[in-house]
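Asker: okay, sequence plus prediction incoming.
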Amino acid sequence: MVHSRRGWTRAAATILVCSLPLLAQEPAPGRGGRGGNSSESTRVFLGLGPAPDREAAKKGDPLFAQNCAGCHGDKGRGGQAPSLVRSVLVLHDEKGTEIGPLVHNGRPQAGMPAFPNLTQDELYSLSQYIHLQVELVANRGSYGATYSGVRSQVTGDARQGEEFFNGAGGCGKCHSITGDLAHIGTRIPQAAALRSRFLWPATPGPAVAKVTLASGETVTGKIRKLSDFDVILADAAGNVHYWPRREVRVELEDPLAAHRALLAKYTDADIHNLTAYLVTLK
């Protein structure tokens, strides 16, 4: 089914949200968490809207675990149902105005049940818990970059950083210190800039995906929109296709997948040791 080209703003928002790195640990208090200038500017830059109500989010935690985690995964990272930290609807929500009605009424045609027994206060708390997860995901990059307390300071061990690069980090599988990373320490001499480059590299253009239909037919192209409920994709010939998300399987081709996976695994020592090593590559 081919539709006209539309929804550019929401499509751009979708690509933005899809670029957020996944997170398995959250910023410790006083180490770049919300309220610090760096993480606050990150949230504003990503267009995440008002900061979440953390007291309400605490109340929303058990509500999410009881009603949502079974499908959307622990902390909304995705499971049987899509990740909520990458949801366009969540990105556009403020104070539960989008999330609340959807949870209350459900979307049966998309396989999402209704939760009519949740009160307005509970729906609000649930929305704030979800927004908090999005913010924690976004702030992982600034957390690693500001942990030393001095953004320009190199505090790691270059030798251990080299071992991580060639070993546990797997960096050498895709990068070469005589190729794409040659003289990186000269080209990007600032430690903070280097940390940001490998923690949160720029997404190289529109996301590419393979969509598999129920018939087994596949269509590959650039994502125009990818939400919890809809997929819009432009194929190589320029034809734009639309499908309900529940009717197809979507496989994103993510060239930054290895970087995103590492975000959940880095220790702070790994981050600073790797930075110290890259600085030496003059």
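Answerer: Noted; the coordinates are in hand.
Asker: all the helices of the stretch 101-250 of the chain, in order from the start?
Answerer: Using DSSP state H, counting those that start in this stretch, the helices found in the stretch 101-250 of the chain span residues 120-146, 158-166, 184-187, 191-199.
Asker: wait, which of those is closest to residue 105?
Answerer: When the helices of the stretch 101-250 of the chain are ranked by distance to residue 105, counting by C-beta to C-beta, first place goes to helix 120-146 at 10.8 Å. For the C-beta atoms, the positions are set from N, CA and C on the backbone; glycine is no exception.
Asker: redo the helices of the stretch 101-250 of the chain as a markdown table? Include mean pLDDT.
Answerer: Supplementary listing: the helices of the stretch 101-250 of the chain in a markdown table, determined by pLDDT from 0 to 100:
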| stretch | mean pLDDT |
| --- | --- |
| helix 120-146 | 76 |
| helix 158-166 | 95 |
| helix 184-187 | 92 |
| helix 191-199 | 82 |
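Asker: looking at those, which is buried most?
Answerer: Each of the helices of the stretch 101-250 of the chain was scored by mean neighbour count; the highest is helix 120-146, a mean of 23, by mean count of other C-beta atoms under 10 Å.
Asker: list the contacts of residue 57.
Answerer: By C-beta atoms under 8 Å, 6 or more residues apart in numbering, the contact set of residue 57 is 125, 128, 129, 131, 132.
Asker: picking that back up, make TSV from the helices of the stretch 101-250 of the chain and add distance to residue 114 to it.
Answerer: TSV is the format used below for the helices of the stretch 101-250 of the chain (distance: least, C-beta to C-beta, whole Å):
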stretch	distance to residue 114
helix 120-146	12
helix 158-166	48
helix 184-187	52
helix 191-199	40
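Asker: quick one: closest of the ones you listed to residue 225.
Answerer: Short answer: helix 120-146, nearest of those by C-beta to C-beta, at 18.5 Å.
Asker: and residue 114, its phi and psi?
Answerer: Note on residue 114: its backbone torsions stand at phi -90, psi 150 [degrees, to the nearest 10].
Asker: pull the number of nearby residues for it.
Answerer: Residue 114 sits with 13 neighbouring residues when counted by other C-beta atoms under 10 Å.
Asker: same thing with the one 3 residues further on?
Answerer: Look at residue 117: counted by other C-beta under 10 Å, it has 8 neighbours.
Asker: pretty sure residue 219 is touching residue 231, no?
Answerer: No. With contact defined as C-beta atoms under 8 Å, residue 219 and residue 231 do not form a contacting pair (9.7 Å).
Asker: return the residues in contact with residue 81.
Answerer: Contacts for residue 81 were tallied using C-beta under 8 Å, 6+ apart; they are 71, 72, 73, 111, 112, 228.
Asker: could you point out the longest strand in the chain?
Answerer: With residue count as the measure and DSSP state E as the assignment, the chain has strand 218-226 as its longest strand.
Asker: distance from it to the middle of the chain?
Answerer: Centre-to-centre, strand 218-226 and its host chain are 19 Å apart (C-alpha atoms, centre = their mean, to the nearest Å).
Asker: that one: partners in the sheet, and parallel or antiparallel?
Answerer: Applying DSSP bridges, strand 218-226 is found paired with strand 208-212 (antiparallel), strand 230-235 (antiparallel).
Asker: spit out the contact partners of residue 106.
Answerer: For residue 106, the contacting residues are 112, 113, 114, 115, taking C-beta under 8 Å, 6+ apart as the criterion.
Asker: tell me which two in the contacts of residue 81 are the farthest apart.
Answerer: Greatest spatial distance in these: 73 and 111, 15.3 Å, computed using C-beta to C-beta.
Asker: neighbour count: those two, which is higher?
Answerer: Taking residue 73 and residue 111 together and counting by other C-beta under 10 Å, residue 73 has the greater number of neighbours (17 against 13).
Asker: residue 83 is in contact with that one, correct?
Answerer: Yes. Checked against C-beta under 8 Å, the pair residue 73 and residue 83 is within contact range at 7.1 Å.
Asker: coming back round to it: what do residue 219 and residue 231 both touch?
Answerer: A shared contact of residue 219 and residue 231, defined by C-beta under 8 Å, 6+ apart, is any residue touching both; here these are 211, 241.
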